[in-house]
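In: this one's sequence-less:
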């Protein structure tokens, strides 16, 4: 701004250290056809994090960047010290019987200072087994068939702060904020996994399938407290989540004549996550200034997107009891009082083509006197409804490797089908009239002119700034205008390598070098998608990308090209 300021000074200092250690004793014994391996071990972690910051504004002495030269009333400081210790003990035993039947069992006892004294230690276990079926049964065209199953438990730790009181310091003293919870327990996770793998065609083909069902209970969530508690909230064990995953792989050595070969690997998976227990009020969550679009509530999919929906049919208009009561002839919401504009949204006919034209938010009856009975009176309406789901239908990857002599080509293609993506970056731009849809060049000035040039109806009439900037911008609250299909296909990697042997290198005086390998590797080279943003492969700035699938000012995945030069000696 070419305006002088009083200047400011900030200094940060961080000191982080981590010490890890462990010991394991292993015993291997053979009893006839049985081989047993037993391990007993322990491990520990000691992590210390320190942070110190000082700030000053309004520097009083020119060219003296010291805190003593600042207005002493502008000085502020912050510090943080954390010590986290974990100590684990384990015992594992496994049995290999005739190389046909495989069993193992594990038990652990984990301790962590992140919990209070009464909840510091927790036991966990795992049992698993496998059967190599083709060692007992001959199956036509099958070289190897294995069945396997396992069940195990694990725990999830809280953050460092969660067991302690948190106070907000102010000029008058302090205000209670978060009530500590020294009785906080680990979130308990239990997983059942079933799978099979098969090899056939003389070792040319392999296939594998895995089914996994995981249940997590006693999740660590921030719970609002009543005013009488004196604190606003507390981290507590509540809520349960269940997930089911199907994963399959297929590998093929398509051809191999010694000099030339081609192999193909395909991996696919589908995961669904459902909130099975939720004792808290339903809520929408986000991070920082992101639209609060992701829903948390009982029997909802994790990753469900909720918000406002814009009405696209006249029938939807009358899901609102208030409008339904006024749809009679001559009344405010009679069917003749509305129309569907060229964007596909229901608008007031009297406002069409004017500065007041707006899409109408969907309103429905959320609670009736008798549940699920539309003939009973409505007790509560809502404009918040499900508008999308971030979970893809499935993901697949295709990897190929073509070798001809010492020349090798490799590629990896990723495909994500389905799953909605919230384009928050585009929504933010609507308030500043910076989106391409807001360009009204070439459109008719009003509805009357538009009727004359009906052949270009999709381009008329012009929309006011308020139609987009007030309407669909929606105060940055989530709405379905910005929910898009997140499907994409990406050429994630393409590489070529060639190896020069010493017999070739001798021609340039490098015969003593056994080999040199050179190549090029490109990543994120091509993206195929209908998504309107820069890159559909996004996640939130914080949190799990499968829960918070939102485009929010992230850089797109970088396209990179790397050279490889490798000398063997």
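Out: Yep, it's here. Source: prediction; values computed, not measured.

In: what's the weakest-modelled helix or strand in the protein?
Out: The weakest-scoring helix or strand in the chain, judged by mean pLDDT, DSSP states H and E, is helix 447-452 (a mean of 64).

In: moving C-terminal of it, what's the next helix or strand?
Out: helix 465-466 (DSSP states H and E).

In: what bridges to the nearest residue to residue 18 once chain neighbours are set aside?
Out: Among residues not flanking residue 18 along the chain, residue 47 sits closest, at 4.6 Å (CB to CB, 6 or more residues apart in numbering). Bear in mind the C-beta positions are built from the backbone N, C-alpha and C, glycine included. Beta-bridge pairing for residue 47 (DSSP bridges): residue 18, residue 84.

In: for residue 47, what are its contacts?
Out: 16, 17, 18, 19, 82, 83, 84, 85 (CB atoms under 8 Å, 6 or more residues apart in numbering).

In: need the three-state assignment for the fifth one.
Out: I take that to be residue 82. On the three-state scheme (DSSP: H, G, I helix; E, B strand; the rest coil), residue 82 is labelled strand.

In: from residue 116, how far out is it?
Out: 16 Å (CB to CB, to the nearest Å).

In: so what's the residue count around the residue nearest to residue 44 when sequence neighbours are not counted?
Out: Take residue 44 and drop its neighbours on the chain: the residue closest to it by CB to CB, 6+ apart is residue 87, 4.9 Å away. By the measure other CB atoms under 10 Å, the count of residues near residue 87 is 16.

In: pretty sure residue 87 is touching residue 46, no?
Out: No. Counting by CB atoms under 8 Å, residue 46 is not a contact partner of residue 87; they are 9.5 Å apart.

In: in stretch 494-503, what counts as buried?
Out: 494, 495, 496, 497, 499, 500 (16 or more other CB atoms under 10 Å).

In: am I right that the fifth one is in a helix?
Out: No. Going by three-state DSSP, the assignment for residue 499 is strand, not a helix.

In: host element of residue 203?
Out: Counting by DSSP H and E, residue 203 is part of no helix or strand.

In: where does the residue nearest to residue 44 land in three-state SS?
Out: Quick answer, by three-state DSSP: residue 87 is strand.

In: now do the contacts for it.
Out: So residue 87 contacts 42, 43, 44, 110, 111, 112 (CB under 8 Å, 6+ apart).

In: redo those as TSV? Include distance to residue 471, secondary structure and pLDDT.
Out: Converted to TSV, the contacts of residue 87 look like this (distance: CB to CB, whole Å; DSSP: H, G, I helix; E, B strand; the rest coil; pLDDT from 0 to 100):
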residue	distance to residue 471	secondary structure	pLDDT
42	62	strand	98
43	58	strand	98
44	59	strand	97
110	53	strand	97
111	56	strand	96
112	51	strand	97
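
In: just the buried residues from those, in PyMOL please.
Out: Burial among the contacts of residue 87 is assessed by 16+ other CB under 10 Å; the matching PyMOL selection reads:
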select buried, resi 110+112
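
In: so how far is residue 181 from the residue nearest to residue 44?
Out: Using CB to CB, one obtains 21 Å as the distance from residue 87 to residue 181.

In: please apply the same query to residue 470.
Out: 44 Å.

In: look at the two and report which has more neighbours.
Out: Taking neighbours as other CB under 10 Å, residue 470 and residue 181 compare with residue 181 leading, 21 against 14.

In: quick check, that one in a strand?
Out: No. With three-state DSSP as the criterion, residue 181 is coil rather than part of a strand.

In: just checking, it touches residue 233?
Out: No. Judged on CB under 8 Å, residue 181 makes no contact with residue 233 at a distance of 10.4 Å.

In: contacts only, for residue 389.
Out: Per CB under 8 Å, 6+ apart, neighbours of residue 389: 301, 303, 304, 305, 419, 420.

In: now, of those residues, which are buried?
Out: 303, 304, 305, 419, 420.

In: and the residues you listed, which is closest to residue 343?
Out: Residue 343 lies nearest to residue 420 out of the buried ones among the contacts of residue 389, by CB to CB, at 19.6 Å.

In: against residue 436, how distant is the closest one?
Out: 21 Å.

In: likewise residue 496?
Out: 38 Å.

In: okay, strands next: where are they in the stretch 451-569 of the chain?
Out: With DSSP state E, counting those that start in this stretch as the criterion, the stretch 451-569 of the chain has strands at 483-485, 488-501, 515-528, 550-551, 560-568.
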